[in-house]
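Colleague: Could you look at this predicted model? Sequence included:
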Amino acid sequence: MARHLIKHLRTLALVGQAGSGKTSLVEALLARAGAIPAAGSVERGTTVCDYTPQEKQLQHSLKLAVASFAVNGGEQPTFVHLLDTPGYPDFLGHALPALAAVETAAIVINAQNGIEMMTGRFMQWAAKRGLDRLVVVNKIDAENVDLEGLLGRIQQAFGKECLPLNLPAAKAAKVSDCFFAPAGEADFSSVAEAHQRLVDQVVEVDEQLMASYLEKGEVSPEELHEPLERAMREGHLVPVVFCSAKSGAGVQELLEVIVKLMPNPSEGNPPAYLSVPVDGGAPAEIQALPDPGKHALAHVFKIEIDPYIGRLAVFRVHQGRITPGTQLYLGEGRKPVKAGHLYLLRGKSQTEVAEAVPGDICAIAKVDEIQFDQILHDSPGDAHIRARPLELPVPVFGLAVQPKKRGDEQKVSDVLHKLVAEDPCFRIEHNAQANETVMRGLGEMHLRTTLDKIANQYKVELDTRPPSIPYRETIASRAEGHSRHKKQTGGAGQFGEVFLKVEPLPRGKGFEFVDMVKGGAIPNQFIPAVEKGVRGVLGTGFLAGYPIQDLRVIVYDGKSHPVDSKEVAFVSAGRKAFLDALAKARAIVLEPIVNVSIVAPEHKMGDITGELSGHRGHIRGSDAPRPGTVQIAAQAPLAELEQFPARLKSLTAGHGSYTLEFSHYEPAPPQLQQKLVAAHRPAAHADD
Ligand SMILES: Nc1nc2c(ncn2[C@@H]2O[C@H](COP(=O)(O)OP(=O)(O)O)[C@@H](O)[C@H]2O)c(=O)[nH]1
Ligand SMILES: [Mg+2]
């Protein structure tokens, strides 16, 4: 494949609601450009991007895919790196990183459904990252679509700067260009008027052009190019195009828009990197320059591990040049690795290339050290450079897992680590107290597909159950404790005596140990032993086996023996004095409270608030981010939310989404306290 000058490169991520036709659109574009003989279909499992067995079976995308291809025509071919992303919120960990790799976010809208949940979210995320945005209205061929109404709603929701570059014509069998050669007819509105609006909007960013335009009454497309790039980069213009991946209407025009109007790597906003000072000060923003002559800087935005082929690291070059011979440093790492073969990707197929320049998206195979979100660079002096944070959602939806077959533990652990390497929103926690392994993801669908992948691809079966809730214990009042440890067994004895006080601290303050012993009643060298004894109790709890927090322990008196006082004696006395104090300090169990943020169709507001209130939740406010949509902020005990994802899904027919984040701990209600205490002491309970 011939290589290209930077100005002939384009990078686009197709993002938006699942089912809007992103994967099909990649097919249509590839076929139109002659990169594949014919467009495949999602239903038949023959697309370039949905290439995993699981995607073929489910008929929707689960991960990020790259399709690189050349568009011939013009003086020189244009080389396009298209990224296809999954649209379900559960797979955001595979969609959001695409935004770090491109100049343009193409937000695809399903003309049948109009503006959906993920449409608005991706519009915002892309704007926040300073990307050019292109709105692609797909499925214009479908029955009963109101394209004129939809364009109005797009402008109402996302602003008057959303202006059509083309309009549907001949009953949506084709589209009429409104920018380059505005002459045709349109199904609604007028091509001439749409052209006028575009020009008016673009000249606003350039005073000189504006003046000449006002004087002459016209402006050529060449004169418009520069200001148009600027308008898009500044969010002053968000072009809208219409198309159908199915009928092919508007696909050629979309290719043309990509080639002629979408920014090359030097026309988009420069990608922001952070420079972390060696002395640990606040990171400063620096910009990578799309200059192949500078140090190489590339960002790894995807890791894929194939059970047979191994690890593939996919990265975007932002600065400098990478060749198979380049010695690449991985983030802060001091030991460089050789890039080895460089590949261009088209779905699962790989083509070797000789170099990658700014704007290129390439992959390196079989370098196990490379990790997601890492910076690849060719100069040890750049070890302080970091990628700007991706701001991915934090996974809190959890399932405790265990191998079905005994003896599979190691295999399971290996597989889980591979999945963690591939998916930034998938985590594994080990809860030592409950002796359980918990996998966390963004939702029920995320974990279910991950379990299916484990079963089908890695041939390991897991049993699952809800994870235990991370309860904590604390005290509700001050108390005193005392213990005298004395042992006289034959030879040398053991002696230590401790007096201490406990007092509650405000929530979230953790633990404090204070030494107020006067006159050496406990010799200085034994104070750490007392603290060790006290801390030994913190981890295992007093009431129900949960870690103790938010209290201060003050050791204020004691006694020692010149011969028999030893460390073990004070460890034991400290421990028992603390337990003695806890028994009088009204120990209580704390439960985690989480912030729940829900976005759902407006008319479901009552059902959702009812569901939350029924589970000890408090509604803290609501908002209407877009017409027809409500955002609810609430707080609820984590323990009550086990069924919430499933309930929300059924209440909103899948159109609701939520995020959870830890807020604080609160005393659990008395009934729950009793239940937890009883569960911890089943034997004692049975004796009652
Ligand atoms: N009528 C119509 N259907 C389409 C069009 N594009 C895609 N589809 C169908 O919409 C469904 C979802 O398409 P897909 O490409 O998987 O959407 P994605 O989730 O955004 O990748 C599939 O059944 C496609 O065949 C289109 O332009 N018109
Ligand atoms: Mg898809």
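Modeller: Sure, I can see it. Numbering: from 1, shown residues only. Ligands and ions are numbered 1, 2, ... in the order given.
Colleague: which residues does Q631 contact?
Modeller: Q631 is in contact with 597-599, 622-625, counting by Cβ atoms under 8 Å, 6 or more residues apart in numbering. In this view, the C-beta of every residue, glycine as well, is placed from N, C-alpha and C.
Colleague: Give the other helices and strands that the helix or strand harbouring Q124 contacts.
Modeller: Here Q124, judged by DSSP states H and E, is contained in helix 117-128. Packing partners of helix 117-128 (3 or more Cβ pairs under 8 Å, 6 or more residues apart in numbering; DSSP states H and E): strand 9-15, strand 104-110, strand 132-138, helix 147-158.
Colleague: Which residues does the residue lying closest to D291 once chain neighbours are set aside form beta bridges with?
Modeller: Nearest non-adjacent residue to D291, counting by Cβ to Cβ, 6 or more residues apart in numbering: Q319, 6.3 Å away. Applying DSSP bridges to Q319 gives these bridge partners: L297.
Colleague: and the gap between Q319 and A298?
Modeller: 8 Å (Cβ to Cβ, to the nearest Å).
Colleague: More neighbours: these two, which one.
Modeller: Neighbour tally, Q319 and A298, criterion other Cβ atoms under 10 Å: the higher count belongs to A298, 30 against 25.
Colleague: which residues touch the residue in the stretch 251-400 of the chain that ligand 1 sits nearest to?
Modeller: Ligand 1 sits closest to V251 of the stretch 251-400 of the chain, with a gap of 9.2 Å, by Cβ to the nearest ligand atom. V251 sits next to 25, 28-29, 32, 243-245 when contact means Cβ under 8 Å, 6+ apart.
Colleague: Now rank these by neighbours and give me the top one.
Modeller: C243 (32 neighbours).
Colleague: wait, that residue sits on L134?
Modeller: No - under the criterion of Cβ atoms under 8 Å, C243 makes no contact with L134, lying 11.2 Å away.
Colleague: got JSON lines for the contacts of Q631, with pLDDT and secondary structure too?
Modeller: Below are these laid out as JSON lines (pLDDT from 0 to 100; DSSP: H, G, I helix; E, B strand; the rest coil):
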{"residue": "S597", "pLDDT": "83", "secondary structure": "strand"}
{"residue": "I598", "pLDDT": "89", "secondary structure": "strand"}
{"residue": "V599", "pLDDT": "85", "secondary structure": "strand"}
{"residue": "S622", "pLDDT": "89", "secondary structure": "strand"}
{"residue": "D623", "pLDDT": "83", "secondary structure": "strand"}
{"residue": "A624", "pLDDT": "80", "secondary structure": "coil"}
{"residue": "P625", "pLDDT": "69", "secondary structure": "coil"}
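Colleague: Only the buried subset of the residues you listed, as a ChimeraX command please.
Modeller: Restricted to buried positions by 16 or more other Cβ atoms under 10 Å, the ChimeraX selection for the contacts of Q631 reads:
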select :597,598,599
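Colleague: ok, so of the contacts of Q631, who is nearest L62?
Modeller: The nearest member of the contacts of Q631 to L62, counting by Cβ to Cβ, is V599 at 21.9 Å.
Colleague: distance of that closest one from ligand 2?
Modeller: With distances taken as Cβ to the ion, to the nearest Å, V599 is found 21 Å from ligand 2.
Colleague: Can you name the residues bridging to that residue?
Modeller: Beta bridges link V599 to Q631, S657 when assigned by DSSP bridges.
Colleague: still on that earlier bit, what is the nearest of the contacts of V251 to Q549?
Modeller: Nearest to Q549 among the contacts of V251 is L25, at 52.0 Å by Cβ to Cβ.
Colleague: looking at this, that closest one is in a strand?
Modeller: No - under DSSP: H, G, I helix; E, B strand; the rest coil, L25 falls outside any strand and is assigned helix.
Colleague: any idea of the pLDDT on the closest residue to it other than its chain neighbours?
Modeller: Leaving aside its sequence neighbours, L25 sits nearest to A245 (Cβ to Cβ, 6+ apart; 4.4 Å). Looking at A245, its pLDDT reads 98.
Colleague: Pull the contacting residues for A245.
Modeller: Taking Cβ under 8 Å, 6+ apart, one finds 21, 24-25, 27-28, 39, 138-139, 251 in contact with A245.
Colleague: That one and D84, how far apart?
Modeller: 12 Å.
Colleague: What of A284?
Modeller: 34 Å.
Colleague: Please spell out which residues along stretch 402-419 are buried.
Modeller: Going by neighbour count (16+ other Cβ under 10 Å), the buried part of stretch 402-419 is 403, 408, 412, 415-416, 418-419.
Colleague: typo on my end, stretch 135-146
Modeller: Buried, per 16+ other Cβ under 10 Å, within stretch 135-146: 135-142, 145.
Colleague: and stretch 177-190, how far apart are its ends?
Modeller: End-to-end distance for stretch 177-190: 11 Å, by Cα to Cα, to the nearest Å.
Colleague: low pLDDT regions in the protein?
Modeller: The model of the chain has pLDDT under 70 over residues 1-4, 432-433, 490, 625-626, 682-688.
Colleague: Could you rerun that using 50?
Modeller: 1-2, 684-688 (pLDDT under 50).
Colleague: Those residues of it touching ligand 2, which are they?
Modeller: Residues of the chain found near ligand 2 (Cβ under 5 Å from the ion) are 22-23, 61.
Colleague: just checking, A521 is part of a strand?
Modeller: No - A521: not assigned to a strand; according to three-state DSSP it is coil.
Colleague: for it, what are its contacts?
Modeller: 557-560.
Colleague: can I get these in a markdown table with distance to H615 and secondary structure?
Modeller: Shown next, in a markdown table, are these (distance: Cβ to Cβ, whole Å; DSSP: H, G, I helix; E, B strand; the rest coil):
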| residue | distance to H615 | secondary structure |
| --- | --- | --- |
| D557 | 48 | strand |
| G558 | 48 | strand |
| K559 | 52 | strand |
| S560 | 54 | coil |
